[in-house]
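Peer 1: Generate a structure from the sequence data that follows.
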Amino acid sequence: MASLRLASGRHPADYITEAAEVIDFTENSIACRYPDITIGEAVGPGPIRAVFGRIMQIMAEDAQHWMKTSDDEYYMPVIPGTPVSPEDLVYFKSAGIILRMALFWGQDLLPISPMLLALLIGGLDSATDAEFLAVAAPELAGRLATWPPPRTTVMVDGQEREIYDVQYGRDPMNMIMEFLPNTQVHHIRGLTAAGVAELTPRLASALLFHTQDINHPILEALNEGLDYRVRGLQGHAAGDGNNRHETLLQTFEGVSVPEVVAGLCLNRRITSYADLIPLLKPNVAIQEGDPTFSYGINYQVLAEHWMAALKRYLSGTGHPEDDFFTQMQADSFNVATGLAPAAGENYRSTLFLQAISDSPFIPRGRMGDDADLEIRFLTSMPDSGWRLPGEGNARSTHAPCPWT
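Peer 2: As a prediction, this is how the structure comes out:
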């Protein structure tokens, strides 16, 4: 709600409900200060990551504004063929502001498409970079790589003539017929070099973003939110001392946008339990002098045995409760959660990662690499002052922070 107010040009107001409080959400605070987010008694980077992860999931599940393509696991904005309503433009500008905050504060943008992010930051050339696309969306990259088609020589009226070699039933002709109605083989075979150059961005945009217009109002609204100009900040353009508006996208000047986006978004899904195991770092936080410390117990050995059991569990398949839940989860599989079918070898690892970090995606560390996931071993849970009804012992529940 706060970002919608900002996107619509109204003064951001504090947003307080029974479930959440948003205080001091202003255009200056979101540009200059790191957020202070708490969930219950949890503080620090963990709650911030949890909140932004949930925001991205809510956005992806909004079927009126976002859609998942059949070729990858990412979400793109729904771009209609009709004129866009003012309300939708405000919504997408608000979404762009949220993406801006996530970028500015180093938070996850998944499952929002990295190709979309590359387009908004660096334009179509960045989004269609061959190496980037081959990792981000291999199937789409394979289709796009068939254009332009090769040249071949044929005989026409006794004379040799060069044409583009396209055939019905395979790409790029299938791609052309999908996005360019009423186009026949002979139209493509006889194209000039200028015609191919004119079709190239249209086909790439249609394949990746479901519109041939990369300047579509929805994409422009997203870009406007992502590059939201913060009034009142001081800046200096090169060579002069005049004040200017600061924009986030100016920080990407002179860098490889595909490399930056790849580092932010790609290779973040667990494909096997082997992706998760190296990130688990046991920490036996038990010292002499603790009230429950016992000299007769080898806590390090106990921790090693527990970790070995955890690794055996993560390497298995199926729902941790019962085969019934395995089938139920498979029947109601929702890709927005990032979870694989329960029968897959990465299901338990993804479920475990979701439980301890509130996200199905491998968290990034402070230096941009994968973050370690600390598993702390204690002799007793810390006393948070929270007591269950009818019980005398203090208990608390918490998740290990994924930042180290």
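Peer 1: where along the stretch 101-250 of the chain do the helices fall?
Peer 2: 114-122, 124-127, 130-136, 138-144, 173-179, 185-189, 193-209, 217-226 (DSSP state H, counting those that start in this stretch).
Peer 1: May I ask which helix or strand of the protein has the lowest mean pLDDT?
Peer 2: When each helix and strand of the chain is scored by mean pLDDT, DSSP states H and E, helix 323-331 comes last, with a mean of 52.
Peer 1: The next helix-or-strand element following that one: which residues count as buried?
Peer 2: Downstream of helix 323-331, the first helix or strand assigned by DSSP states H and E is helix 347-357. Applying a neighbour-count criterion of 16 or more other CB atoms under 10 Å, one finds 347-354, 356-357 buried in helix 347-357. No exception for glycine: its C-beta is placed from N, CA and C like everyone else's.
Peer 1: Lowest-confidence member of those residues, which is it?
Peer 2: Among the buried residues of helix 347-357, Ser357 carries the lowest pLDDT, at 73.
Peer 1: Pro177 and Thr183 touch, don't they?
Peer 2: If you look again at residue 177, you'll see it is Met, not Pro. Yes: with contact defined as CB atoms under 8 Å, Met177 reaches Thr183; the gap is 6.3 Å.
Peer 1: Give the rounded mean pLDDT of whichever strand or helix holds Pro47.
Peer 2: Here Pro47 sits within helix 45-60, counting by DSSP H and E. Average pLDDT, helix 45-60: 79.
Peer 1: Alpha carbons of it, as PDB, please.
Peer 2: This file holds the C-alpha atoms of helix 45-60, laid out as PDB (Å, rounded to 0.1, in the frame of the first residue of the first chain):
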ATOM      1  CA  PRO A  45      18.800  -9.400   7.800                       C
ATOM      2  CA  GLY A  46      16.700 -12.600   8.300                       C
ATOM      3  CA  PRO A  47      13.300 -10.800   8.700                       C
ATOM      4  CA  ILE A  48      14.200  -8.400   5.900                       C
ATOM      5  CA  ARG A  49      14.900 -11.300   3.500                       C
ATOM      6  CA  ALA A  50      11.700 -13.000   4.700                       C
ATOM      7  CA  VAL A  51       9.600  -9.900   4.000                       C
ATOM      8  CA  PHE A  52      11.000  -9.300   0.600                       C
ATOM      9  CA  GLY A  53      10.700 -13.000  -0.300                       C
ATOM     10  CA  ARG A  54       7.100 -12.900   0.600                       C
ATOM     11  CA  ILE A  55       6.500  -9.700  -1.400                       C
ATOM     12  CA  MET A  56       8.000 -11.200  -4.500                       C
ATOM     13  CA  GLN A  57       5.900 -14.400  -4.100                       C
ATOM     14  CA  ILE A  58       2.700 -12.300  -3.600                       C
ATOM     15  CA  MET A  59       3.500 -10.400  -6.800                       C
ATOM     16  CA  ALA A  60       4.100 -13.600  -8.800                       C
END
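Peer 1: Let me know the next secondary structure element after that helix.
Peer 2: Assigned by DSSP H and E, the successor of helix 45-60 is strand 66-68.
Peer 1: Contacts for that next one next, please.
Peer 2: With contact meaning CB atoms under 8 Å, 6 or more residues apart in numbering, strand 66-68 is reached by 59-60, 74-78, 112, 210, 335-336.
Peer 1: circling back to that earlier point, from the buried residues of helix 347-357, pick the one nearest Gln107.
Peer 2: Lowest distance from Gln107 to those (CB to CB) belongs to Ser357, with 12.5 Å.
Peer 1: Give the full set of residues in contact with Phe377.
Peer 2: Neighbours of Phe377 in contact, by CB under 8 Å, 6+ apart: 282-286, 299, 302-303, 306.
Peer 1: If you count neighbours, what's buried in stretch 200-218?
Peer 2: So for stretch 200-218, counting by 16+ other CB under 10 Å, buried means 203-212, 214, 216, 218.
Peer 1: that older thread, of all the helices of the stretch 101-250 of the chain, which lies closest to Ile97?
Peer 2: When the helices of the stretch 101-250 of the chain are compared (using CB to CB), the closest one is helix 217-226, at 4.3 Å.
Peer 1: For Leu373, list each beta-bridge partner.
Peer 2: Leu280 (DSSP bridges).
Peer 1: which residues sit in contact with it?
Peer 2: When contacts are taken as CB under 8 Å, 6+ apart, Leu373 is in contact with 276, 279-281, 353, 356-357, 363, 400, 402.
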